[in-house]
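Participant: requesting a structural model of the entry that follows:
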Amino acid sequence: MNLVNIFVKAIFIENMIFAYFLGMCSYLAVSKTVKTAVGLGAAVIFVLGVTVPVNYLLENYVLKQGALSWLGAGFAEIDLSFLSFIMFIAVVAAIVQLVEMVVEKFAPALYGALGIFLPLIAVNCSILGGALFMQERQYSTIAEASSFALGSGVGWFLAIVAIAAIREKIRYSDVPAPLRGLGITFIITGLMGIAFMAFMGIKI
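Facilitator: Presented below is the predicted three-dimensional model:
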């Protein structure tokens, strides 16, 4: 039950976009059409779902103080936590490179539509944010970390697909000229963020 709680909380209550506004650059740039939004959202789910558990193992069995005790008593006092930032980024970059190669191979049209924003997942702050939240919250098992990662990815996916669907429809609306484009998108995102604040009242 705890895994479900973490998953649902990550989607609705602690949504990466609407609660923390992480990953806004990709969110705003790739949300012009639902097709590209779905592609990038799925890639973010996959990258979060892989990198957070890998970084969890890295944190608990290599980096934090005493994590290397499995190598022997002489390693029990070693603390490599100062390397966590750069190691998390290295893991994210490696997984994103893998995703980019797979998408280019099997979905070249989507690869072309996503353009520069696919490799930019590597510097998408929601991906690194997932690893840092995992570290801060000190999840007790890899299952909890994985549940949080997938929930965060699904939450980001819902956010970008929702705004893409609205932006496709709003093209036919009479939006005042100064607000067309990013202006109205920022306003809608703010309203969606306020709407998601209603989930904070849910006790899980």
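Participant: only C-alpha atoms for contact and neighbour calcs from this point on.
Facilitator: Noted.
Participant: residues of the helix or strand of the chain with the lowest mean pLDDT that come out buried?
Facilitator: Counting by mean pLDDT, DSSP states H and E, the chain has its least confident helix or strand at helix 108-114, which shows a mean of 81. The neighbour-count criterion (16 or more other C-alpha atoms under 10 Å) identifies Leu110, Tyr111, Ala113, Leu114 as the buried residues of helix 108-114.
Participant: so the first one is in contact with Ala37, correct?
Facilitator: No: Leu110 sits out of contact with Ala37 when judged by C-alpha atoms under 8 Å, with a separation of 10.1 Å.
Participant: ok, longest helix in the chain?
Facilitator: Secondary structure of the chain per DSSP state H: the longest helix is helix 142-170.
Participant: quick one: it to chain centroid distance?
Facilitator: 8 Å (C-alpha atoms, centre = their mean, to the nearest Å).
Participant: check which helices and strands the helix or strand following that helix sits against.
Facilitator: Following helix 142-170 in sequence order, the next helix or strand is helix 182-196 (DSSP states H and E). If you count contacts as 3 or more C-alpha pairs under 8 Å, 6 or more residues apart in numbering; DSSP states H and E, helix 182-196 packs onto helix 142-170.
Participant: average pLDDT for the helix it packs on?
Facilitator: Helix 142-170 comes out with an average pLDDT of 95.
Participant: can you list the weak-confidence ranges in the chain?
Facilitator: When residues are selected by pLDDT under 70, those of the chain lie in 1, 204.
Participant: mind redoing it with 50?
Facilitator: Judged against pLDDT under 50, the chain has no low-scoring part.
Participant: what angle do the longest helix of the chain and helix 182-196 make?
Facilitator: 130 degrees (axes from the mean of the first three to the mean of the last three C-alpha atoms, to 10 degrees).
Participant: next, the buried residues of helix 142-170.
Facilitator: 142, 144-167.
Participant: packing partners of it?
Facilitator: Right, helix 142-170 is packed against helix 2-8, helix 34-58, helix 125-137, helix 182-196 by 3+ C-alpha pairs under 8 Å, 6+ apart.
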